[in-house]
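**Q** Pasted the sequence and its predicted model underneath.
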Amino acid sequence: MSIVAIQKTASDSFEDIKKAVAKVVEDIGGLEDIIKPGYKVIIKPNLVATPTDRLSGGVTRWEVCMAIYEMVAAMGATPILAESSACGVNTEDVIKKCGYQDLRDQGIPFINLKDKANNDTICTMPMKHGTILQSFKTWELVRDADAIITVPVLKTHDQTEITLGMKNLKGLLCDVQKKEFHTKGLVDSVCDLVETLKPCLEIIDGTYGQQGLGPIYGETRKMDLIIGSKDLVACETVAGLIMGYEPEEVMITKQAYERGLGEMDIDKIEVVGKQIDEVKSRFKRTSEVEIEGLPASCNVIFDYQACTGCHNTVISSLFDMKGEGLMDYLENMNIVVGPVKPEALPEGANADNTVAIGLCAKKTVGDALGLRWAVGCPPNNATVVQAILGDRREYGTRYASKDE
Ligand code: SF4
């Protein structure tokens, strides 16, 4: 039977978080069967993008990673923290904003995989049972690791309902492959990656989670939880239930279960420590969120294959426009993100009232309709805002011409 452990943290202090992580690990049977002396162990937090605050629930807090680090090191293994943030995001900025630089200053290795210094170690790995991609680009550190521990946060996601430890593995891919995952089939690709990299443990930082507009612009939920299991599917089934999602609703959980990667039947999962009913609290879904002040006449159309980079940029650009008093410019606008099909456009969409965000939207609808587009893959905020404003107002960046 798969075991999932749940613990409440007594406070935000490192000592209390360490105690909760240690109890979770003890309750799932310790690390001896998965970590051996001499192993090189990757600890993979979720640092997808720079958050407004490190405890906003969008990124993994350092205390949880450090607790795992100390346990792994005590076993005579070599733990290494590693991450590459979403496409278009500077991982180094996120590392600094989230307090991981302080760990580095204490001699804890945190590898920014996207650092140019690591370019020489980029390698190709075959994808086991690759249903979408037969191989993928990663780094030798990932290829040669003896064990991978995935350390996500408890949060919702606009494409996959929730995003936890299995999807968190995407940060071990080069950017080109992250984009391909989104454009060719995110759920299948993530399950392929789980089968290939075989992470041995998931520890969820559920101290602060995020609901609504996840993965980075959601609303913070203080949950004070640590959840862990050696069965990632069981871990995400339990975490999903805590957030109010049935496992069948979460495509990654469901498909991973159907592939035999773990247990999704709650009757076959032993929950130890706190019970689901004691700690569950429904998270607001992305589909239930409205951006305050966004005109009702504005349509933001996300294709389900749009990457996190484009998603985050658009949401954050809308917040920028709100902050700068530019919401009126969104009246009657259609904002098209990702490889949107022409039939998904609202009636009357034309070059005056519709803007294509990113290269995918340019290719699928932008070129054919002569839309102006936000240049990039993904574009940056200023480019998106300027593309929306068009020639109605200068925003301080070059005009994103439909002809580029
Ligand atoms: S344009 Fe956006 S959705 Fe398309 S591949 Fe680039 S980042 Fe992904």
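**A** Looks like it arrived, so ask away. Numbering: from 1, shown residues only.

**Q** make it CA atoms for all contacts and neighbour counts henceforth
**A** Will do.

**Q** Can you give me the buried ones in the longest helix seen in the chain?
**A** When secondary structure is assigned using DSSP state H, the longest helix within the chain turns out to be helix 308-323. Counting neighbours by 16 or more other CA atoms under 10 Å, one finds that the buried residues in helix 308-323 are 308-322.

**Q** got a list of contacts for the helix or strand hosting Tyr69?
**A** Using DSSP states H and E, Tyr69 sits within helix 62-74. Counting by CA atoms under 8 Å, 6 or more residues apart in numbering, helix 62-74 makes contact with 14, 17-18, 21-22, 31, 35, 41, 43, 45, 78-81, 98-100, 151, 205, all of which sit outside it.

**Q** how about Glu248, what does it touch?
**A** For Glu248, the residues meeting the contact criterion (CA under 8 Å, 6+ apart) are Lys254.

**Q** That one belongs to a strand?
**A** No. The secondary structure assignment for Glu248 gives helix rather than a strand, going by DSSP: H, G, I helix; E, B strand; the rest coil.

**Q** I'd like the distance between it and Val64.
**A** Computed with CA to CA, to the nearest Å, the distance linking Glu248 and Val64 is 29 Å.

**Q** what residues does the protein put near the ligand?
**A** The chain comes close to the ligand at residues 179, 306-307, 309-310, 338, 358-360, 377-378, as judged by CA under 6 Å from any ligand atom.

**Q** Show me how the record splits this protein into domains.
**A** According to automatic domain parsing, the chain is divided into the following domains: 2-279, 290-392.

**Q** excluding its backbone neighbours, what's nearest Lys230?
**A** In space, Lys230 comes closest to Leu201 once its chain neighbours are excluded; the distance is 4.4 Å by CA to CA, 6 or more residues apart in numbering.

**Q** Tell me, how many residues neighbour that neighbour?
**A** 24 (other CA atoms under 10 Å).

**Q** OK, contacts around it?
**A** Each residue near Leu201 by CA under 8 Å, 6+ apart is listed here: 148-150, 228-232.

**Q** Okay, now the unreliable bits of the stretch 1-150 of the chain?
**A** Counting by pLDDT under 70, the stretch 1-150 of the chain shows no low-confidence range.

**Q** Helices of that one, residue ranges please.
**A** Assigned by DSSP state H, counting those that start in this stretch, the stretch 1-150 of the chain shows helices spanning 14-27, 62-74, 91-97, 100-105, 140-143.

**Q** Could you pull up the residues touching Gly7?
**A** No, residue 7 isn't Gly; it's Gln. Under the criterion of CA under 8 Å, 6+ apart, the contact list for Gln7 reads 20-21, 23-24, 225-227, 273-274.

**Q** quick one: strands adjacent to the next helix or strand after the longest helix of the chain?
**A** Towards the C-terminus, the helix or strand next in line after helix 308-323, according to DSSP H and E, is strand 334-337. Strand partners for strand 334-337, identified by DSSP bridges, are recorded as strand 299-302 (parallel), strand 354-357 (parallel).
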